[in-house]
Structures are given as C-alpha cells and as structure tokens.
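Return atomic coordinates for the entry below.
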Amino acid sequence: MKYICLGYIKPGTFEGMTEDERHAVLDECFEHNDHLRTNGHLVAELPLQPPETALTLYWKDGKVATTDGPYAETKEQLGGIQILEARDLNHAIQLVSQLPGFKYGLGPIEIRPTLDLNEMLKASEQRRRKSTAQ
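All right, here's what the predicted structure looks like:
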C-alpha cells in the first residue's frame, strides 16, 4: 500500500543553522532516502518551494477565488511530500520514524494512506460510455 507523508517544518529552522549544519542534515536525509529507495519503499519525493510561493484556490460566490500563500493555521508549513510503499500503516510509521530530520527538529510528518481509484475510474468510464452511446 502507498502512503503519502507530508513533512512540515517550522519557518526559520534551516535559516537558523550554519551552512555546515544544513549540509549535515541534508546529507543524512538524502542518505536515508537512498536507503528507502534501494529497498523499494520510496516511490517519489517532492520538496516544495517556500510557503510564500504558494497560492490557494477556493470556491466563493459561485466562482474560483485565490489567496496568496498556503491555507494553514499552524506554525509549521508543508515542506514536501514523500510517497512510500509499505506493507501497512505500522510499517509506514516504522519507515518514517527513522527519518534523520526528526533529531534536528524537522517535523511533524503526517502519514496518510492513498486511495486506490481504479475501481471508481472503471465504473466512471462505463457510465460515461453508456451516456455517450445513448
């Protein structure tokens, strides 16, 4: 099963480190990700640009509206995502809990199982084919 891992970081965490400290954190994290990838657990990883580059869409008064920045009411901001392949939630927890970033104050990390849309997509395709055939 695939799990999405959303990694949050408190603004200023990296900025408060020396260059050597930042390099050490990144090197350790990348080494850990290499280990996950080699063992078939890391499906994808996508770091995000800073929160100030975000734009949030929402529905208002019958149309799409936007607001600058992320829609968050937390001190931490989403820093990136990983997609892990794990046997079950306990296995995903085990894999994520070994991330080196935790000891440097990075986190929290939300783990959420993905939803398999295959059956829903097939049913939708059948309904759409049926409606265009009529």
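
Who does the most centrally placed residue in the chain form a beta bridge with?
Central residue of the chain (Cα atoms, centre = their mean): residue 81, 2.2 Å from the mean position. Beta-bridge pairing of residue 81 under DSSP bridges involves residue 6, residue 46.

Return the helix or strand in this structure with minimum mean pLDDT.
When the helices and strands of the chain are compared on mean pLDDT, DSSP states H and E, strand 55-60 comes out lowest with a mean of 77.

In its sheet, which strands sit next to that one, and in what direction?
Applying DSSP bridges, strand 55-60 is found paired with strand 63-68 (antiparallel).

List the contacts of the strand it pairs with.
Strand 63-68 is contacted by residues 52, 54-59 when judged by Cβ atoms under 8 Å, 6 or more residues apart in numbering. For every residue, glycine as well, the C-beta is placed using N, CA and C.

Can you tell me how far residue 125 is from residue 30?
For residue 125, the distance to residue 30 equals 40 Å [Cβ to Cβ, to the nearest Å].

before we move on, the earlier item: identify the residues contacting the residue nearest to the centre of the chain.
Here residue 81 is in contact with 4-7, 44-46, 48 (Cβ under 8 Å, 6+ apart).

returning to what we had before: most surrounded residue in the contacts of strand 63-68?
The most crowded member of the contacts of strand 63-68, judged by other Cβ atoms under 10 Å, is residue 54 (16 neighbours).

Correct me if wrong: it contacts residue 69.
Yes: using Cβ atoms under 8 Å, residue 54 is in contact with residue 69, at 5.3 Å.

Am I right that residue 34 sits in a helix?
Yes: under DSSP: H, G, I helix; E, B strand; the rest coil, residue 34 falls within a helix.

can you pull out the strands in this protein?
2-9, 42-47, 55-60, 63-68, 77-85, 109-113 (DSSP state E).

could I get the ones you listed as TSV with distance to residue 134?
Listed next are those as TSV, based on distance: least, Cβ to Cβ, whole Å:
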stretch	distance to residue 134
strand 2-9	37
strand 42-47	40
strand 55-60	31
strand 63-68	31
strand 77-85	39
strand 109-113	37
